[in-house]
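Asker: would you be able to build a 3D model of this:
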Amino acid sequence: MTDNKNNIYLYEAIELRAEYEARITTLKSLLPEARENRDRFSFRRDDETKYRPVANFSVDEMREELRKLENKKRKLNNAIQYANFENHITVSGQEMNLAEALELRKSVNGQIGELSTQLVSSAYERVIYKEGRDIVESPDIEFPKIQKALEEKRLLFRELNRKLRDASCKIVIDFKDEK
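Answerer: The predicted structure follows:
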């Protein structure tokens, strides 16, 4: 953690945002409307069963805590987005802000999935035995070509991940991590 109490590293902010999201999900599940929605979609035989809050649980306090937590998450997310647009990294000789790099990483990850599927398809010829002879259908794209393209995308993805991780450990954002 950084020395200044109002600053945290970007990686800490991302972890904190995930924690806030989990806490918000839990708090929302405690609200009566969430219970009613769950009950509406479950098939129970005891339709006469009613629920009420236990003595130590206050719906109003939970709503207030949820409101505060959603507000903190919104402010934290804004600080993260600001950092993503204001800070730059260089990937494969091209400078881009972190927001661009994150979008590129997402795109490259999708391309890796597509190329992986193509690689499997290009590894085999289709052989059809018909009328005493074999008919051979070759793949549309050559195996080595797909293999090379896939490797290039994987290396780019690795570089993006390393640069983004490195940046998140160096970039400081203005957000007070309340204890």
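
Asker: how about the closest residue to residue 167 other than its chain neighbours, secondary structure?
Answerer: Once flanking residues are discounted, residue 167 sits nearest to residue 89: 5.4 Å by C-beta to C-beta, 6 or more residues apart in numbering. In this view, the C-beta of every residue, glycine as well, is placed from N, C-alpha and C. Classification of residue 89 using DSSP: H, G, I helix; E, B strand; the rest coil returns strand.

Asker: residue contacts, residue 89?
Answerer: By C-beta atoms under 8 Å, 6 or more residues apart in numbering, the contact set of residue 89 is 95-96, 98, 101, 163-164, 166-167.

Asker: give the bridge partners for it, please.
Answerer: residue 96 (DSSP bridges).

Asker: residue 136: what's it in contact with?
Answerer: Residues near residue 136 by C-beta under 8 Å, 6+ apart: 125-128.

Asker: in a strand, it, correct?
Answerer: Yes. Under three-state DSSP, residue 136 falls within a strand.

Asker: this protein: helices as residue ranges?
Answerer: Secondary structure of the chain, counting by DSSP state H: helices at 10-30, 32-41, 59-86, 98-122, 143-170.

Asker: just the closest of the contacts of residue 136 to residue 30, please.
Answerer: Proximity of the contacts of residue 136 to residue 30 (C-beta to C-beta) peaks at residue 126, which lies at 56.4 Å.

Asker: how about TSV for the contacts of residue 136, with pLDDT added?
Answerer: Formatted as TSV, the contacts of residue 136 follow (pLDDT from 0 to 100):
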residue	pLDDT
125	85
126	80
127	83
128	82
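
Asker: okay, and which of those map to strands?
Answerer: Counting by DSSP state E, the part of these found in strands is 126-128.

Asker: flag the shaky bits of the chain, pLDDT-wise.
Answerer: Along the chain, segments meeting pLDDT under 70 span 1-5, 36-49, 179.

Asker: swap in 50 and give it another go.
Answerer: 1-2 (pLDDT under 50).

Asker: who wins for neighbours among the contacts of residue 89?
Answerer: Counting neighbours by other C-beta atoms under 10 Å, residue 101 leads the contacts of residue 89 with 24 neighbours.

Asker: which residues does that one contact?
Answerer: Here residue 101 is in contact with 89, 91, 160, 163-164 (C-beta under 8 Å, 6+ apart).

Asker: please redo it, this time with the cut-off set to 6 Å
Answerer: The contact partners of residue 101, taken as C-beta atoms under 6 Å, 6 or more residues apart in numbering, are 89, 160, 164.

Asker: how about a markdown table for these, with distance to residue 35 added?
Answerer: Conversion of the contacts of residue 101 to a markdown table gives the following (distance: C-beta to C-beta, whole Å):
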| residue | distance to residue 35 |
| --- | --- |
| 89 | 46 |
| 160 | 43 |
| 164 | 40 |
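
Asker: what is the nearest of these to residue 135?
Answerer: Nearest to residue 135 out of the contacts of residue 101 is residue 160 (C-beta to C-beta; 43.4 Å).
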